[in-house]
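*Asks:* Let's see this in three dimensions:
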Amino acid sequence: MADQVGSTTNYATTIGTDAVFKGNMKFQDNVRLLGQFEGAIETSGSLLIAKGAVLQGEIRACDVIVAGNIKGNVHASGKLTIDSTAQIEGELHVARLQMSEGAVVSGQCVVGANRQPGKNPRRSEDTSKQHQGAGPAQHADGEPKKKGLLQALGV
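*Replies:* So this is what the prediction gives:
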């Protein structure tokens, strides 16, 4: 998916497979990461983290396409597309989300243009506080409750 999406987008900047960068980078246009980057990266365009690429740090972009590895937080004002080869560890704050089967995501995920982490607009209580029970939640009949996909993703 990411290769298909990435191939139709014009990237003004490409960070090659042999590149290793550390620091903060800010761009006005689309960026493609093929190598390794540690730090903060920001673009008003799209950011592609290609298969085999590694990014450790903070991402802020309009649209983000991930086929590689990210350890850090992702903020996408538009759409986050997660390919089946992607591995992400961190918080996701996105307006829209598309995720392929096989992708690995570990962390809190907040989807919706005006959502804030820990707040559920359908509930009046703050959901950011962790449950401090003695064990797994149970139904009234004593059977353990199973987390649904959306609950597991933090949505």
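*Asks:* ok, now which ones touch Gly107?
*Replies:* By C-beta atoms under 8 Å, 6 or more residues apart in numbering, the residues touching Gly107 are Ile88, Glu89, Gly90, Glu91, Leu92, Gly154. Where you see a C-beta, it was placed from the backbone N, CA and C, and this is true even at glycine.
*Asks:* Can you say which of these are buried?
*Replies:* Ile88, Gly90, Glu91, Leu92, Gly154 (16 or more other C-beta atoms under 10 Å).
*Asks:* Dump the contacts of Gly107 to CSV, plus pLDDT, secondary structure and distance to Ala103.
*Replies:* Listed next are these as CSV, based on pLDDT from 0 to 100; DSSP: H, G, I helix; E, B strand; the rest coil; distance: C-beta to C-beta, whole Å:
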residue, pLDDT, secondary structure, distance to Ala103
Ile88, 98, strand, 8
Glu89, 98, strand, 12
Gly90, 97, coil, 14
Glu91, 97, coil, 16
Leu92, 97, strand, 12
Gly154, 54, coil, 15
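*Asks:* Include distance to Val104 when you put these into CSV, please.
*Replies:* Formatted as CSV, those follow (distance: C-beta to C-beta, whole Å):
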residue, distance to Val104
Ile88, 7
Glu89, 8
Gly90, 12
Glu91, 15
Leu92, 13
Gly154, 15
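*Asks:* ok, those vs Met25, which is closest?
*Replies:* Nearest to Met25, judged by C-beta to C-beta, of these is Gly90 at 17.9 Å.
*Asks:* Asn69 is in contact with that closest one, correct?
*Replies:* No. Taking contacts as C-beta atoms under 8 Å, Gly90 lies outside contact range of Asn69: 10.9 Å.
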